[in-house]
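In: Quick one, fold the following:
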Amino acid sequence: MTPLISMAAEQKSAPVTDWAGRIGWLVGLILFVALIYWLMREGWKWRATLQGDLPELPTAPEALGPVKLSMSGRYHGSTTAGQWLDRIVAHGLGTRSRVELTLTEAGLDVVRPGATDFFVPLAALREARLDKGIAGKVLTEGGLLVVTWAHGDKLLDSGFRSDRAAEHNEWVDTLNSMINKSIDTEGAR
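Out: Numbering: from 1, shown residues only. Presented below is the predicted three-dimensional model:
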């Protein structure tokens, strides 16, 4: 026999698996991940507590009037106006969901299956614009319809994305036109 073959034959194989060590590492990893998720959940609840002064969300009136625009898409969340990373989580405003958005003479009706619906009266609407991001969601330039509205004494930005992004420009034009008409009629009084 050659020396290499005889050396290989004499060596004993190392243990293949140290089960106790592997199980210990696995349990440690699971506990670490659970701790991270628990801390994230506590942070979310703490943020909701800090935003507890936000009034309840308005609901749609019985008579909305004729529909001006309608779209289905995604609701990506609400933030403090002008601060695209300051997510509002109180009253379910931080919950992403599908959305059915309807614009009428009375205001903006936001219907979210599986999340809290809300209504933005025309008098509370301040501005509509196209943007590229809102709290945890970044898209291409102009890929997000952002509506600024007053809720209580706070201005909020809410981000929506239509299933057909080409309709965003029409939404911005129509919303801003309605807001300007509303301001003009209030100023004339």
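In: Need the three-state assignment for residue 174.
Out: Secondary structure assignment for residue 174 (DSSP: H, G, I helix; E, B strand; the rest coil): helix.
In: Around the residue nearest to it when sequence neighbours are not counted, how many other residues sit close by?
Out: Nearest residue to residue 174 in three dimensions, chain neighbours excluded: residue 69, at 5.7 Å (C-beta to C-beta, 6 or more residues apart in numbering). Every residue, glycine included, has its C-beta placed from N, CA and C. Using other C-beta atoms under 10 Å, residue 69 is surrounded by 16 other residues.
In: try residue 71
Out: Neighbours of residue 71 (other C-beta under 10 Å): 19.
In: what's the single longest helix in the protein?
Out: In the chain, assigned by DSSP state H, the helix with the most residues is helix 19-50.
In: Which positions in it come out as buried?
Out: Residues of helix 19-50 classed as buried: residue 48 (neighbour count, 16 or more other C-beta atoms under 10 Å).
In: what's near enough to touch residue 104?
Out: Residues near residue 104 by C-beta atoms under 8 Å, 6 or more residues apart in numbering: 64, 65, 66, 67, 68.
In: wait, I meant residue 140
Out: With contact set as C-beta under 8 Å, 6+ apart, residue 140 has these partners: residue 132.
In: how about the helices in the protein?
Out: Secondary structure of the chain (DSSP H): helices located at 3-10, 19-50, 168-188.
In: just to revisit the earlier point, show me which of the contacts of residue 104 are buried.
Out: When the contacts of residue 104 are checked for burial by 16+ other C-beta under 10 Å, the buried set is residue 68.
In: nearest to residue 115, of the helices of the chain?
Out: Among the helices of the chain, helix 19-50 comes nearest to residue 115, with 14.2 Å by C-beta to C-beta.
In: how close does the closest residue to residue 63 other than its chain neighbours sit to residue 162?
Out: Spatial nearest neighbour of residue 63, chain neighbours left out: residue 106 (7.5 Å); criterion: C-beta to C-beta, 6+ apart. As judged by C-beta to C-beta, to the nearest Å, residue 106 and residue 162 stand 21 Å apart.
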